[in-house]
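J.: Structure, please.
(chains A and B)
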Amino acid sequence: MSLAIRGIATDPVPPDKTRRERCTSLTARGEPMVWLTGGGLAVATLMIAGLLLLVIFNGTLTFWPKRLIKITTHDGKTFLGEITRAETYRLSPDQWKELPATEQEKIRQRQGLAQRQLLRTGNFDIYGDHFKWLADHEIAQREYPIGAWMFERQEWGVFVGFMKVVRVDGQPSTESFAQLHEAARARFREIKRIEKSEIGEVNRAIEQLRLAVRRVELKRGKDSPEHKQAVAHAEKRDAELHAEYDKLGAKVAAIRAEDARYVVEVQEVGGRTKELKLSEIVRAYPANDLNTAQRIGVYISRWWEFLTSEPREANTEGGVLPAIFGTVLMTLIMSLAVAPFGVIAALYLREYAKQGPLLSAVRIAVNNLAGVPSIVFGVFGLGFFCYVVGGQIDQMFFPEKLPTPTYGTGGIIWASLTLALLTVPVVIVATEEALAAVPSSMREGSYACGASKWQTIKRIVLPRAMPGVMTGLILAMARGAGEVAPLMITGVVKLAPELPVDGHAPFLHLSRSFMHLGFHIYDVGFQSQNSEAAKPMVFTTTLLLILLIALLNLSAIYIRNRLKKRFVGAQF
Amino acid sequence: MTTLMEEKPASATPTHAVSVAVAPAVTGGSAGGLSLANEETVLEVDQFNLWYGAKQALFDVNLKFPRGKVTALIGPSGCGKSTLIRSINRLNDLIDSVRYSGDMRLNGASILGRNVDVIELRKRTGMVFQKTNPFPMSIYENVIYPLRIDGENRKSVLDEIVERSLRRAALWDEVKDRLHESALQMSGGQQQRLCIARAISAEPEVLLMDEPCSALDPIATAKIEELIYQLKGLYSVIIVTHNMQQAARVSDYTAFFYLGRLIEYDTTEKIFTNPGNKQTEDYVTGRFG
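T.: Predicted structure coming up:
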């Protein structure tokens, strides 16, 4: 209709100029900006989602028991194992020449790319290798043999083969493998327990004795009457302890001897047989004969082991409990250190200091601190905390242990403090913003009631700013829990013999070195000899670390929301 | 004093509230006999000048606030009303660029000197702000905040003060069952009455109100106005307002400010019916401002 009206050229009424349609420019309409900003978000989301999916996919599938495939090659060799992955590759000219014409034709059809798969054959003690690449053109036959077993061993990786017979004292046993295995594992755990707690206890007592003598020596001098008395006492007690030690050793030896009676004879696919001690088999299952429920059972049992036990086989197998424990404890200690430190600094910056160029310079410096490479913080932590502070503590409180350092070396406390230093700018910035956001009407209300500055800060400003402080703490925790580089030189180790928390006073041993999931990922992925076998563990550990950080953050967010409800309210 | 307190619950019914809120202007006017010359002075402002940096905001203000009465400060925005009452409890000291000269005397004693205990002064002068500002804590803790910071922890004393203050602020019946819930969950009008309860819990001599109703709806405003009317006699109230009907309804005396100067100060009745100054007349009749 409007078109019709405008179409009359000889309209006597002049067209209304203000209502004339014109083309608004693209920037005025802003559509390109919608696309640009939306696109940016989409790219970021895709990258994060892709990374997470990769980790989740690989991490969750690692423990699923795969079927065992038996592969016979054209030259008559047989291999049995799990297919780990497959890839395409290009043959070298020499290999190409040796191929029969039919195979050459097949490869030519696929643009010259050959297909091969990595078979986890296990049996390192027999083959000298854990894995074997097999190309499609080498394979004559594939089958999934009934009765093929996967044995996960305490050492030497997995054994893949067939179970021949279970023997007790060299005679075939009438009892089933499952029953005997259960008993054997119980004995194995008993040995571990004796070695760890009872023998550990005796060793501790011997060490305490030595330290007591050394203490007297340092205090009274060598060959003083007190020292001689202490030495005599220690020698007597030492003899008792050694007797105890021998007794425990005999106990362990007895269990070991019992253990040696139970073996299972297994045969690898090529026909060679081997006897495995039952107690050294962690888990065994007939991989091709499992139904889905049994597979889920194996899957859950592997996750359970992963979450609740210590690592074995140079960290590539077993669990990560010490690493989980270390990560959580370190993050908590870091939070405890960084929160008061950051809040106090921010309080001075925002509430007390006179605003001016000097303060701006300090603020910029604090912000820049967040950009210093984390390894630099690590070096500082090692130099200052471990050597200077720790060294002083050792000289003052633990002189009898020197030259063995107690606090004067890497430990969970120093790693936590180093990370606290690393993350304190985040907390300061967030707290400052939260303090600035406290409405001035509240401060004035408090002053008008006759409150002093500190009373106002303590009772009004800080509670009101608490959710903002928590936000800063969440960010700091997320950064700290995922940080690895500074930890590597301030207290993280590949394998920690003891947890930082145990049953001996003072229960929390802050000077001990610890394990960390982030370092575990690096160690398993890049420092282990059997890196192919460790690869799935890298994904699983990464998944676990992500979940752990998410859990820590969620609990902090929960606390923050409760604070928000309480202190900020829904009004206005 | 006590009789007034006892009367409160009866007159705090909502239906009553609106009608009473309008009534005071009539009562105050018809009572007659009000004259500044007959009043006892609680707070005296003497040749007071104030500067924000280089800009002077108040010029030679001389004013005597009567004890136990409600005094309204009116005038267009930026005329210095709020600055004046914020000088009484020295909240302006928090602003670095503020300087002032002259004197103020509370019960005859100067309150502007360097050696005056500002914290003590603020306890003697409660203040209610334009923007409701309940603290992020329970209703109970809000009311006793001035006592808490004094270190008063005896529960019996605090309980008594909470009830007395909330009754005087006409809030007791509404909140007595949820004293320990967060004050931030209350409505705007309730929050403002809570702020009044907080301001009077330490028994101040002067109650300063800086546009206490400007952020409230008409019903909440009517409740606050009724409350101010009832607080008359108990406290000397100084109220800053933009709303001239409000000034007429609640106050006994009115001071008109313009461009930092006190133009006219007299009984409310006179200011609104027969102002002595042309500028005052123009303002109260709505010709400018």
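
J.: which bits of the stretch 301-450 of chain A sit near chain B?
T.: A:439, A:441-442, A:444-450 (C-beta under 8 Å from any C-beta of the partner chain). Placement of C-beta: from N, CA and C, glycine included.

J.: Format the residues you listed as CSV; extra columns: distance to A:I460.
T.: Listed next are these as CSV, based on distance: C-beta to C-beta, whole Å:
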residue, distance to A:I460
A:P439, 10
A:S441, 11
A:M442, 5
A:E444, 10
A:G445, 8
A:S446, 5
A:Y447, 10
A:A448, 12
A:C449, 10
A:G450, 13
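
J.: Among those residues, which ones are in strands?
T.: Taking DSSP state E, every one of those sits outside strands.

J.: are any of the residues you listed buried, and which?
T.: A:442, A:444-450 (16 or more other C-beta atoms under 10 Å in any protein chain shown).

J.: Looking at these, which are in helices?
T.: A:442, A:444-448 (DSSP state H).

J.: Do me a favour and average the pLDDT over stretch A:294-312.
T.: Averaged across stretch A:294-312, the pLDDT comes to 89.

J.: Report the buried residues of it.
T.: A:295, A:298-299, A:302, A:305-306, A:310-312.

J.: Mind listing residues that contact it?
T.: Stretch A:294-312 is contacted from outside by A:63-65, A:154-155, A:282-283, A:285, A:290, A:317-324, A:495, A:520, A:540, A:544, using C-beta atoms under 8 Å, 6 or more residues apart in numbering or on different chains.

J.: now swap in stretch A:516-532 and tell me
T.: A:84, A:118, A:130-131, A:157, A:311, A:313-316, A:320, A:323-324, A:326-327, A:330, A:481-484, A:487-488, A:492, A:494, A:534-535, A:537-538, A:541-542, A:544-545, A:548.

J.: Restricted to helices, list these.
T.: A:323-324, A:326-327, A:330, A:481-482, A:487-488, A:534-535, A:537-538, A:541-542, A:544-545, A:548.

J.: Drop anything exposed from the residues you listed.
T.: A:323-324, A:326-327, A:330, A:481, A:487-488, A:534-535, A:537-538, A:541-542, A:544-545, A:548.

J.: about what we covered before: kindly reformat the residues of the stretch 301-450 of chain A next to chain B as TSV containing pLDDT.
T.: Formatted as TSV, these follow (pLDDT from 0 to 100):
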residue	pLDDT
A:P439	87
A:S441	87
A:M442	89
A:E444	90
A:G445	91
A:S446	92
A:Y447	91
A:A448	90
A:C449	89
A:G450	87
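
J.: Max pairwise distance over those residues: which two?
T.: The largest separation in those, counting by C-beta to C-beta, is between A:P439 and A:G450 at 19.5 Å.

J.: residue contacts, A:E103?
T.: Contacts of A:E103 by C-beta under 8 Å, 6+ apart are A:H137.

J.: Double-check A:A476 against A:T431; I have them as touching.
T.: No. The criterion here is C-beta atoms under 8 Å, and A:A476 misses it with A:T431 at 10.6 Å.

J.: can you list residues touching both of the two?
T.: The contact lists of A:A476 and A:T431 share A:G342, where a contact means C-beta under 8 Å, 6+ apart.

J.: Chain A contacts on the stretch 1-150 of chain B?
T.: Residues of the stretch 1-150 of chain B lying near chain A (C-beta under 8 Å from any C-beta): B:89, B:91, B:94, B:119-120, B:122-123, B:125-127, B:129, B:131, B:133, B:135-137, B:145-146, B:148-150.

J.: Give me the buried entries from those.
T.: B:89, B:91, B:119, B:122-123, B:125-127, B:129, B:131, B:133, B:135-137, B:145-146, B:148-150.

J.: Would you map the helices across chain B?
T.: Going by DSSP H, chain B shows helices at B:2-11, B:14-31, B:81-88, B:118-124, B:139-143, B:145-148, B:155-168, B:172-175, B:188-201, B:218-231, B:244-250, B:268-273, B:278-284.

J.: what stretches of chain B score poorly on pLDDT?
T.: B:1-33, B:289 (pLDDT under 70).

J.: Nearest to chain A: which residue in it?
T.: Here chain B gets closest to chain A at one residue, B:L184, 2.6 Å apart by C-beta to the nearest C-beta.

J.: isn't that residue right up against B:P134?
T.: Yes. The pair B:L184 / B:P134 is scored as a contact, 6.3 Å apart, by C-beta under 8 Å.

J.: Looking at those two, which is more packed in?
T.: B:P134 (25 against 21; other C-beta atoms under 10 Å in any protein chain shown).

J.: Tell me how far the helix or strand hosting A:A478 lies from the chain's centre.
T.: Using DSSP states H and E, A:A478 sits in helix A:462-482. Counting by C-alpha atoms, centre = their mean, to the nearest Å, helix A:462-482 is centred 22 Å from the centre of its parent chain.

J.: With chain B in mind, check whether it reaches it.
T.: Yes. Applying C-beta under 8 Å from any C-beta, one finds helix A:462-482 touching chain B at A:463-464.

J.: Need the pLDDT of the residue nearest to A:I83 when sequence neighbours are not counted.
T.: Nearest residue to A:I83 in three dimensions, chain neighbours excluded: A:Q117, at 5.2 Å (C-beta to C-beta, 6 or more residues apart in numbering or on different chains). A:Q117 is assigned 90 on the pLDDT scale.

J.: I figured A:A448 was touching B:L121, is that so?
T.: No. Shown here, A:A448 and B:L121 do not form a contact pair, counting by C-beta under 8 Å, at 10.5 Å.

J.: shared neighbours of these two, anything?
T.: Joint contacts of A:A448 and B:L121 (C-beta under 8 Å, 6+ apart) are B:N89.
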